[in-house]
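Engineer: can you look at this prediction? I've put the sequence above it.
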Amino acid sequence: MAARLSGVRPGTPIRLLWLIDSLVAGGAEALTVRFVREVEREGKRSAIEPVVAFLKRLEGNPHEAELRELGAEPVFLDARHLRDLGAFRRLVALIRRERIDVIHAHLAYASIWGALAGRITGRPVVTTLHVTPARAPRWSREGLRRALRRGLLAWPGVHPVAVSRAVADAWERETGLTRLRVIPNGVPLPEEPRRQVERSAPEAPRVVSVAVLRPDKGLDVLIDSAPAVLERHPEVRFVIVGDGPARAALEARARGLGLDPSRLTFTG
């Protein structure tokens, strides 16, 4: 990628397009705001000038207002579906008009469009894999979409990144995709985080997970580990915040392991 950025003048910020499916309330979407906030905090010292674009407006896109408050006006491409050529042309025009140096795509549709737009415009593409690949019959719509995404991620000039070793292993195992780097999401921590936690929670320690309750979130692993933790540390309490299609199955799993609500709580 360094060779493809040879046109960037020394001392000039990299023009980075942060491309994402939508700005609904989710982890990857919240990361968009966090990234822009950190760039703004750096001010003139920042080596990056971000441009945020999202494909589709869904459920109010709650992070739009936060981005505007930070001075980053998000670009809405108004894509109706993956085959919307008009919206794709708007993306290509945006890359050229804003003189984008690097495309950083997040989530499934943005990864597909980002790889194609990078090939057309000659820009390098980084695509972050936030979850494990969806399991679906090979010739189903989701199966074909997954195969298309896997093929595009293997293109030269496209650099896939996984947010965890588990996500990388799943993509390598289920799709044969290689060249995966693991870069965990950055999480801002206060100074002396351990001491602050100890002062703020002198009572029973809590293990808290905040997530949409879907199978690919790995909450089954958290629940399965709880009995072993409680055997050694009976004072620990587990709290799962969120809702989703896997909630009933996860609650049944917890009951099957003898984890009553006083030890593992689903808050909704």
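Structural biologist: Yep, that arrived.

Engineer: all contacts plus neighbour counts: C-alpha atoms, from now on.
Structural biologist: Noted.

Engineer: thought residue 74 was touching residue 54?
Structural biologist: Yes - with contact defined as CA atoms under 8 Å, residue 74 reaches residue 54; the gap is 7.3 Å.

Engineer: between those two, which is the more surrounded one?
Structural biologist: The neighbour comparison of residue 74 against residue 54 (other CA atoms under 10 Å) goes to residue 54, with 24 against 18.

Engineer: my guess is the more buried one meets residue 17, correct?
Structural biologist: No - using CA under 8 Å as the test, residue 54 is too far from residue 17 to be in contact (10.2 Å).

Engineer: mind listing the residues bridging to residue 265?
Structural biologist: For residue 265, the beta-bridge partners are residue 239 (DSSP bridges).

Engineer: contacting residues around it?
Structural biologist: When contacts are counted by CA atoms under 8 Å, 6 or more residues apart in numbering, residue 265 touches 238-240.

Engineer: try 10 Å this time
Structural biologist: Residue 265 makes contact with 208, 237-241, 251, 254, 259, according to CA atoms under 10 Å, 6 or more residues apart in numbering.

Engineer: residue 222 versus that one, what's the distance?
Structural biologist: 13 Å (CA to CA, to the nearest Å).

Engineer: what touches both of these two?
Structural biologist: Common neighbours of residue 265 and residue 222, using CA under 10 Å, 6+ apart, are 238, 240.

Engineer: below-threshold pLDDT in the stretch 101-250 of the chain: ranges please.
Structural biologist: Scanning the stretch 101-250 of the chain for pLDDT under 70 picks out 187-202.

Engineer: all helices for it, in order.
Structural biologist: Residue ranges of the helices in the stretch 101-250 of the chain, as given by DSSP state H, counting those that start in this stretch, are 108-121, 141-153, 165-175, 193-200, 219-232, 247-256.

Engineer: ok, and which of the ones you listed has the densest surroundings?
Structural biologist: helix 108-121 (a mean of 21; mean count of other CA atoms under 10 Å).

Engineer: quick check: angle from it to helix 141-153?
Structural biologist: On the basis of axes from the mean of the first three to the mean of the last three CA atoms, to 10 degrees, helix 108-121 is oriented at 40 degrees to helix 141-153.

Engineer: the chain: strands as residue ranges?
Structural biologist: Taking DSSP state E to define them, one finds strands in the chain at 14-20, 48-54, 75-76, 102-106, 125-129, 158-162, 181-182, 206-210, 237-241, 264-266.

Engineer: overlap of the contact sets of residue 74 and residue 54?
Structural biologist: Common neighbours of residue 74 and residue 54 (CA under 10 Å, 6+ apart) are 18-19, 23, 64.

Engineer: give me the buried subset of the contacts of residue 265.
Structural biologist: Those of those that meet the buried threshold are 237-240, 251, 254, 259, by 16 or more other CA atoms under 10 Å.

Engineer: from the residues you listed, which is closest to residue 149?
Structural biologist: residue 240 (31.6 Å; CA to CA).

Engineer: make sure the closest one is actually in contact with residue 267.
Structural biologist: Yes - taking contacts as CA atoms under 10 Å, residue 240 lies within contact range of residue 267: 6.3 Å.

Engineer: what do these two both touch?
Structural biologist: Joint contacts of residue 240 and residue 267 (CA under 10 Å, 6+ apart) are residue 210.

Engineer: still on that earlier bit, can you redo the strands of the chain as a markdown table with distance to residue 96?
Structural biologist: Shown next, in a markdown table, are the strands of the chain (distance: least, CA to CA, whole Å):
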| stretch | distance to residue 96 |
| --- | --- |
| strand 14-20 | 11 |
| strand 48-54 | 12 |
| strand 75-76 | 14 |
| strand 102-106 | 11 |
| strand 125-129 | 14 |
| strand 158-162 | 18 |
| strand 181-182 | 28 |
| strand 206-210 | 38 |
| strand 237-241 | 42 |
| strand 264-266 | 48 |
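
Engineer: any common contacting residues for residue 54 and residue 17?
Structural biologist: The contact sets of residue 54 and residue 17 overlap at residue 105 (CA under 10 Å, 6+ apart).
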